[in-house]
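Chemist: Got a predicted structure here, sequence first:
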Amino acid sequence: MGTAVDAVAKEANGSVTEKKTEVVFVLGGPGSGKGTQCANIVQHFGYTHLSAGDLLRAETKSGSENGTMIQNMINEGKIVPSEVTIKLLQKAMEESGNDKFLIDGFPRNEENRAAFEAVTKIEPEFVLFFDCPEEEMERRILSRNQGRADDNVETIRKRFKVFLESSLPVVEYYDAKGKVRKIDAAKPVEEVFEAVKIIFTPKEKAAA
Ligand SMILES: Nc1ncnc2c1ncn2[C@@H]1O[C@H](COP(=O)(O)OP(=O)(O)OP(=O)(O)O)[C@@H](O)[C@H]1O
Ligand SMILES: Nc1ccn([C@@H]2O[C@H](COP(=O)(O)O)[C@@H](O)[C@H]2O)c(=O)n1
Ligand SMILES: [Mg+2]
């Protein structure tokens, strides 16, 4: 994945067209509903959903040399070095065969952001930001029951701290570029998705 224009399709008439890889970053605090809403977006808008957290968790189970380091970082709510996460994202993007991606839970800090841009040369179309109060996020995580090692009160507090100190500045960076689409994520799932749909529906379709 050398540049943003990285897919070349040969048409039936022999002409060659360049396809631009489209990326939407999906950010928000732990438990804000990123994964839930990404699943809905995939159904309606044809994106491939890549959760950085899911890719890292899968890597810990694959027996790779980085597995133990990743698991330790996740248990502490810390951000895994960008190089590791970006390689996993690039591999998943290449294997998907799609050219439209929801990248969920990434970039999580300035290092993630700058490294992704430097390596892939991809600028996100926009950043979907799920805004939710901490008490609601904590309630959701504690009743999630997916067996995640980091879904306990002690690690949740660490993840909230990392979110405030390292991830929110990334949202602010993109906000200054006019790229943030903020959603009130404290509402019920269906209402949140109604707001999400408006953002993904092309303007000409919405007007029709
Ligand atoms: N709008 C909502 N209202 C109530 N519960 C919700 C809502 N959205 C998601 N949930 C539930 O909250 C929990 C967390 O949601 P989800 O896993 O989508 O969050 P996330 O942002 O991906 O979290 P993480 O960053 O920890 O991966 C899940 O059990 C999900 O079913
Ligand atoms: N860019 C990222 C994303 C995630 N992590 C680590 O995974 C944990 C779980 O992430 P979720 O998005 O599934 O909540 C997270 O707390 C980090 O430890 C990461 O390092 N880098
Ligand atoms: Mg998630």
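Modeler: Looks like it arrived, so ask away. Numbering: from 1, shown residues only. Ligands and ions are numbered 1, 2, ... in the order given.
Chemist: host element of the nearest residue in space to Met137 that is not next to it in sequence?
Modeler: Leaving out its chain neighbours, the residue that sits closest to Met137 by Cβ to Cβ, 6 or more residues apart in numbering is Gly31, at 3.8 Å. C-beta here means a position set from N, CA and C on the backbone, and glycine is covered the same way. Here Gly31 is covered by no helix or strand, with elements defined by DSSP states H and E.
Chemist: List the beta-bridge partners for Gly28.
Modeler: As for beta bridges, Gly28 partners with Phe130 under DSSP bridges.
Chemist: Make sure it is actually in contact with Val127.
Modeler: No - applying Cβ atoms under 8 Å, one finds Gly28 not in contact with Val127, separated by 10.0 Å.
Chemist: what bits of the protein have low per-residue confidence?
Modeler: 1-18 (pLDDT under 70).
Chemist: Give me the neighbour count for the residue nearest to Met137.
Modeler: Applying other Cβ atoms under 10 Å, we find 25 residues neighbouring Gly31.
Chemist: isn't it right up against Phe130?
Modeler: No - using Cβ under 8 Å, Gly31 makes no contact with Phe130, being 9.7 Å away.
Chemist: near ligand 2, which residues of this structure show up?
Modeler: Residues of the chain found near ligand 2 (Cβ under 6 Å from any ligand atom) are 30, 51-53, 56, 73-74, 77-80, 85, 105-106, 108, 112, 150, 159.
Chemist: Which members of these occur in helices, if any?
Modeler: Among the residues of the chain next to ligand 2, DSSP state H puts 52-53, 56, 73-74, 85, 112, 159 in helices.
Chemist: which one among the residues you listed gets closest to ligand 2?
Modeler: Among those, Gly53 lies closest to ligand 2 (Cβ to the nearest ligand atom), at 2.0 Å.
Chemist: Please give me every residue in contact with that closest one.
Modeler: Neighbour list for Gly53: 74, 104-105 [criterion: Cβ atoms under 8 Å, 6 or more residues apart in numbering].
Chemist: distance of the residue nearest the centre of the chain from ligand 1?
Modeler: Per Cα atoms, centre = their mean, the C-alpha nearest to the average position across the chain is that of Asp104, at 1.4 Å. From Asp104 across to ligand 1, the span is 7 Å (Cβ to the nearest ligand atom, to the nearest Å).
Chemist: list the contacts for that residue?
Modeler: 26, 34-35, 38, 49-54 are the contacts of Asp104 under Cβ under 8 Å, 6+ apart.
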